[in-house]
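Student: predicted structure and sequence below. I'll ask about it afterward.
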Amino acid sequence: MWAAGLLGGVLAITLSVLGGPATHASDVYIAQNASGGANGADCANAYAASFFNNSGNWGSGSIGAGTTVHLCATITTPLTAQGSGSAGSPITVFFEPGANMTTSVWPSTGAINVDGQSWITIDGGTNGTIANTANGTNANHANTVAIHAAPCSNCEFRNLTIADLYDHTSTSDTSVDQTQVNCIQFQGSNVLIHDNTMHDSGWCLHQNYTSDSNVRIYNNNISRMDHGIACAGANFVVSSEYIYNNHFHDMSNWDTGSSDAYHHDGVHCFNGSGGKIQNLYLYNNLFDGNEGNCCVTAWVFLEGAAESTPWTDSSGTAYIWNNVFIGSLDSPNGQLAVDAGSGHVIYNNTFDMIGTPQSGGKCFNDRGGAGSLKLTMVNNVFNGCAQPVSMDSAVSSINWDYNAYGNLSGQGNEVFNWTGHTNGSANSLPAWQSQCSCDSHSVGGVVAALAITRGGLPLAGFVGDKGINLMSTASGSLATLSNGTTAGNSTAPVVRPSSGSWDIGAFQMGASASLPQPPTGLKAVAK
């Protein structure tokens, strides 16, 4: 009896010294103002928003690893996380049905700020929204951010609608720094951004990376933006970045006419002071709608040495497949510009130019800038391009075959251009095949258009069973793609056949398959 009592006393003293066991709740409810019993038990008895911002309520308080913080009704106060979750027990900020964070203008530090934290999930639930009501051409002209997460490793942002951060409605409006109007400004490893709808922002997803890895951006619908994704860093290396199953569309509302103040891009990666992305995986994305009537750089712009801020060095590689690029504005930079790095693998994409071809417009552009760079381009559709390809002499060797071409105008330029390898007269498929010593299995020609819909879907068998089977080049993800009329539709994926020829381009009809996973072991196919 005496021994048990002594042990209990020692235990009590020890717990007192250590601060006692964690007492945080599994569920805490937050509203703008306290309600009912103000005990956080449910929305009817919610804590005030200030409870979230009080560091004393975190850690051993009510909010800690494994806690779900439920947001109720309309919140107009910025929320700043005061602590982190842990592996397997993240802190989750969850929007209850109808909950939203809405104010005239959220600050540049974010409606929700999770800077310096980790293992935090922000989940919009069924209809959670973060929005401004008075920032844009006809209102304020302020820098603003919905979620600030720089850094936040092992963090996840999902199921949100982020809207109207800046409503740009006039070509004369150049008053805001669009780079600082962000849906999510983030950095960190193991970041997941998925299943969100985001519109009317400047640089929607602004990644200012450090030495990060395993960043995954997928299943998002991003529109009415100047940039969909901007990824940049200095003196740091991102070892792996995945961008897949997204729909990027309609950037024309950010046009600024002759002033060209804002340059639109679906995805734009660049760096300074030696920063780089080592491996970039871009697949199953749809780029369409009105790119802009001016001011477009490219749907995907990976900067090179010519821009002085290349996205990578000669060791960086882009793996790009199953994307649809619908070009409504013929851009001299190309719809896809991969301007640095080497060993790029570009498989089964569809490029369809629906705008009026102009002099210098390209579907694919590679300005390597320096070095001896290599490139694989297999099973791609090029339709309506002034030039399907333009490459400088830094691209020293290519594995280029099984592509389909149609309605290539040239507009006074060489149709197929590879500096140092074509001589200015590669204006037909046979001339290109002869001068590049490549593309021997490709189909189509310069004049006749391919039979594809505006969404890039083949109408006839012209590209069917004309491609090479690439099943052996990756463990499933290259062969698994979204079906239907958009590449960004992740609800009806199909798998390409394991044997026999593949269709050229981003579509293959077939049986249902599981959703695509990020790739492993992807390599260039041999000629």
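Tutor: Cool, got the structure.
Student: quick one: the helices in the stretch 301-450 of the chain?
Tutor: Using DSSP state H, counting those that start in this stretch, the helices of the stretch 301-450 of the chain run over 429-436.
Student: so where's it uncertain?
Tutor: 356-360, 370-371, 447-449 (pLDDT under 70).
Student: tell me the contacts of Met198?
Tutor: Contact partners of Met198, counting by C-beta atoms under 8 Å, 6 or more residues apart in numbering, are 160-163, 183, 204-205, 220-223, 225. Glycine gets a C-beta too; all of them are placed from N, C-alpha and C.
Student: closest one of those residues to Asn143?
Tutor: Relative to Asn143, the closest of the contacts of Met198 is Cys183; by C-beta to C-beta it sits at 13.2 Å.
Student: show me the beta-bridge partners of the closest residue to Asp366 other than its chain neighbours.
Tutor: Sequence neighbours aside, Met391 is the residue nearest to Asp366 in space, at 4.4 Å (criterion: C-beta to C-beta, 6 or more residues apart in numbering). Beta-bridge partners recorded for Met391 (DSSP bridges): Asp366, Trp418.
Student: out of the contacts of Met198, which comes closest to Asn140?
Tutor: Out of the contacts of Met198, the member with the shortest distance to Asn140 (by C-beta to C-beta) is Ala163, at 15.8 Å.
Student: residue contacts, that closest one?
Tutor: 129-131, 197-200.
Student: kindly report the same for Asn159.
Tutor: 123-126, 128, 195-196.
Student: 10 Å - rerun?
Tutor: Going by C-beta atoms under 10 Å, 6 or more residues apart in numbering, Asn159 touches 94-95, 122-128, 194-197, 219.
Student: check what pLDDT it gets.
Tutor: As predicted, Asn159 sits at a pLDDT of 97.
Student: Ser475 too?
Tutor: Looking at Ser475, its pLDDT is 47.
Student: what average pLDDT does stretch 237-253 get?
Tutor: On average, stretch 237-253 scores 93.
Student: give me the buried positions along it.
Tutor: In terms of neighbour count (16 or more other C-beta atoms under 10 Å), stretch 237-253 has its buried residues at 237-238, 240-253.
Student: next, the distance between the ends of it.
Tutor: Separation of the first and last residues of stretch 237-253 by C-alpha to C-alpha, to the nearest Å is 33 Å.
Student: now it, how far from the centre of its chain.
Tutor: Centre-to-centre, stretch 237-253 and its host chain are 2 Å apart (C-alpha atoms, centre = their mean, to the nearest Å).
Student: same check on stretch 317-334?
Tutor: In terms of C-alpha atoms, centre = their mean, the centre of stretch 317-334 is found 14 Å from the chain centre.
Student: equivalent analysis for stretch 221-231, please.
Tutor: On C-alpha atoms, centre = their mean, the centre of stretch 221-231 falls 8 Å from the chain's centre.
Student: which of the helices or strands spans Cys183?
Tutor: strand 181-186 (DSSP states H and E).
Student: tell me which other helices or strands the following helix or strand past that strand touches.
Tutor: Using DSSP H and E, the helix or strand that follows strand 181-186 in sequence is strand 192-194. Here strand 192-194 touches strand 156-158, strand 181-186, strand 215-218, strand 241-244, going by 3 or more C-beta pairs under 10 Å, 6 or more residues apart in numbering; DSSP states H and E.
Student: strand partners of the shortest one, parallel vs antiparallel please.
Tutor: The strands that strand 156-158 pairs with in its sheet are strand 120-123 (parallel), strand 192-194 (parallel) (by DSSP bridges).
Student: just the CA coordinates for the longest strand seen in the chain, please, in CSV.
Tutor: Criterion DSSP state E: the longest strand present in the chain is strand 221-234. Only the C-alpha atoms of strand 221-234 are listed here, as CSV (Å, rounded to 0.1, in the frame of the first residue of the first chain):
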residue,chain,number,x,y,z
ASN,A,221,-9.3,23.1,-62.0
ILE,A,222,-7.4,26.4,-62.4
SER,A,223,-8.8,29.2,-64.6
ARG,A,224,-8.9,33.0,-65.2
MET,A,225,-5.3,33.3,-63.9
ASP,A,226,-2.2,34.9,-65.2
HIS,A,227,-0.2,31.8,-64.1
GLY,A,228,-1.6,28.5,-63.1
ILE,A,229,1.6,27.3,-61.5
ALA,A,230,4.8,29.3,-61.0
CYS,A,231,7.7,27.3,-59.6
ALA,A,232,11.0,29.0,-58.8
GLY,A,233,13.8,29.0,-56.3
ALA,A,234,17.4,30.1,-55.8
